[in-house]
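Need a 3D model of the following:
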Amino acid sequence: MTAIVVDAAGVRAVANPPDIRSWVGPGMFLWLDLVGTEQSSVTTWLDELGLDPADVTWAMRFGQTGRMRIGGQGLRVATWIADPEGALIELHLLGCAKGLATVWEGEPAILERTRRLFTERGACSESNLHLAAGILLQLLLATLDDALQRLDSRIDDLRLSLDRQSFSADFSSITRALQELQTFAASFSRFSSAVRSATVGVENVPGIADRGAQELNDYVEQVEDFEEQLYERRRGMSDIAHDFATAIAQRQSEQIGRLTLVSLIFLPLTSLTGFFGMNFDWLNRAITSRGAFFLLGVLVPALSVVLTVAWLWWKGLVHFGLRR
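Down below sits the predicted model:
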C-alpha cells in the first residue's frame, strides 16, 4: 500500500500511520491518499485520521454505485477516476474535520498532477472540509477527460473505417464498446442524480462556508456537463453502430445480387447439361460424331453463356468497366 499526504506544505509519501499525527491538529488540514485496498492497512491509516468506524467500513466496500452524502461534520463520495489509458477506477472519498481521505486501487502516479494542483489551489490553506472536498472532487472529475478523449479517438477511427467502407472493424467489438459506454453512462447518470440531491440546499448545511458551498455547486455543474458529454458520445456510437449494420446489410445484399447474376448466367448451361446428360438410347445413338460433340458440347453451351451475359447487359444488370 502507498500512503501520500497532501497539505499546504506540499506532497510527500508517508511510511508509518503514526507519522501523520504531526500534520493533524488545530488549524491543519490534509488529504490522505491511500492507494491500495488491503483492509487492515487502510483501517489503520483511516483511524489515525480520526474517521468513524462506520466510515472506515464504508470505505472498504468496493463495487458500489456512484453516490454522495454531505453533512456538517463529514462527507462520503463513491466516484471514479481514469488512468491515462482511459480505464475507469472506483474511488472512495471521505471527509472529516481533520482532512480528506481517498481509497482506491491502481498506480499512484495516476493522481500525481491532481495532488500538485490540490496544493496549488490552496485547498489545504484553511480547515474547510467542504471547500477542500469541492476542489478535490473537481480535480478528480477532470481525470475522466482522459477516458473521454480515448473514447473520442475510438469513435473517430470507427467513423473513418465506415467512411472508407473498409469494414476492417469487427461489428461485435463496436456493439461491445457501445454496451460498455451505455453501462457507464447509466451509472454516471445515477451518480449525477445523487450529486444533485446531495447538494440541494447545501448552503444551509451547518458549518459550511460560502466558498465551500460555491465549490460544491461548481462541481455539480461539471458533473452535469460531463453527463451531457457522455450522452453525446453514446448517441454518436449508436449512430455508428446503426450505420455499420446498414452498410454490412447493404454489402451482403450486393453479394447476394452478384451470386444471383452468376446463377442466371449458368442456368441455361445447367439446363443443357441436364438434358444431354439423360441416358436415352436414341439420344446416345444420335450424338456420335465429333461435329455433334463440338456443336452440342462446346458451341451451344458457350453461346448460351454469351447470350445470357448480353441479355443481362442489355437489361442493365451487369456493367463492364475498363480499369486504367
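
need the strands for the chain, in chain order.
With DSSP state E as the criterion, the chain has strands at 2-7, 10-14, 30-35, 67-70, 75-82, 88-96, 99-104.

Those: which one's closest to Ala292?
Nearest to Ala292 among the strands of the chain is strand 88-96 (78.2 Å), distances taken as CB to CB. Yep, even glycine has a C-beta here, placed from its N, CA and C like the rest.

Quick one: mean pLDDT over that closest one.
Summarised as a single mean, pLDDT over strand 88-96 is 92.

Pairing partners for that strand, with directions?
Next to strand 88-96 in the sheet, as set by DSSP bridges, lie strand 75-82 (antiparallel), strand 99-104 (antiparallel).

Can you lay out those as TSV showing distance to Ser40, mean pLDDT and mean neighbour count?
Shown next, in TSV, are the strands paired with strand 88-96 (distance: least, CB to CB, whole Å; pLDDT from 0 to 100; neighbours: other CB atoms under 10 Å):
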stretch	distance to Ser40	mean pLDDT	mean neighbour count
strand 75-82	21	93	22
strand 99-104	13	93	25
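
closest one to Thr65 among those strands?
In terms of CB to CB, the element of these nearest to Thr65 is strand 75-82, at 7.1 Å.

What are the contacting residues of the closest one?
55, 58, 64-69, 88-95, 100, 104, 106, 110-111, 129-130, 133, 137, 140-141, 143-147, 188, 191 (CB atoms under 8 Å, 6 or more residues apart in numbering).

Domain boundaries for the chain, per the record?
Listed domain ranges for the chain are 2-247, 256-314 (source: automatic domain parsing).

Mean neighbour count, the ones you listed: which tops it?
Each of the domains of the chain was scored by mean neighbour count; the highest is domain 2-247, a mean of 17, by mean count of other CB atoms under 10 Å.

and that domain, how far apart are its ends?
50 Å (CA to CA, to the nearest Å).

roughly how far is it from the heart of the chain?
Put simply, domain 2-247 sits 16 Å off its chain's centre (CA atoms, centre = their mean, to the nearest Å).

Going forward, count from 8.
All set: I'll call the first residue 8, so the last point we hit is now domain 9-254.

Confirm for me that Arg241 is in contact with Leu188.
Yes. Using CB atoms under 8 Å, Arg241 makes contact with Leu188 at a distance of 5.4 Å.

Now Ser48: closest residue in space that isn't a chain neighbour?
Distances taken as CB to CB, 6 or more residues apart in numbering put Met8 closest to Ser48, at 4.6 Å, once the chain neighbours are dropped.

got the CA positions of stretch 226-238 in CSV?
What follows is stretch 226-238, C-alpha atoms only, in CSV (Å, rounded to 0.1, in the frame of the first residue of the first chain):
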residue,chain,number,x,y,z
TYR,A,226,-18.8,20.5,-9.0
VAL,A,227,-22.5,19.8,-9.6
GLU,A,228,-22.4,21.8,-12.8
GLN,A,229,-19.3,20.0,-14.0
VAL,A,230,-20.9,16.6,-13.3
GLU,A,231,-23.9,17.6,-15.3
ASP,A,232,-21.7,18.8,-18.2
PHE,A,233,-19.8,15.5,-18.2
GLU,A,234,-23.1,13.6,-18.2
GLU,A,235,-24.2,15.5,-21.3
GLN,A,236,-20.9,14.7,-23.0
LEU,A,237,-21.4,11.1,-22.2
TYR,A,238,-24.9,11.3,-23.7
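
if we can go back for a sec, of the strands of the chain, which approaches Val212 most closely?
Nearest to Val212, of all the strands of the chain, is strand 74-77, at 6.2 Å by CB to CB.

so where's the stretch 208-331 of the chain uncertain?
Counting by pLDDT under 70, the low-confidence segments of the stretch 208-331 of the chain come to 290-291, 328-331.

Quick one: the helices in it, in order.
217-283, 288-293, 297-299, 307-321 (DSSP state H, counting those that start in this stretch).

In JSON lines, list those helices along with distance to Arg123.
Shown next, in JSON lines, are the helices of the stretch 208-331 of the chain (distance: least, CB to CB, whole Å):
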{"stretch": "helix 217-283", "distance to Arg123": "18"}
{"stretch": "helix 288-293", "distance to Arg123": "95"}
{"stretch": "helix 297-299", "distance to Arg123": "94"}
{"stretch": "helix 307-321", "distance to Arg123": "72"}
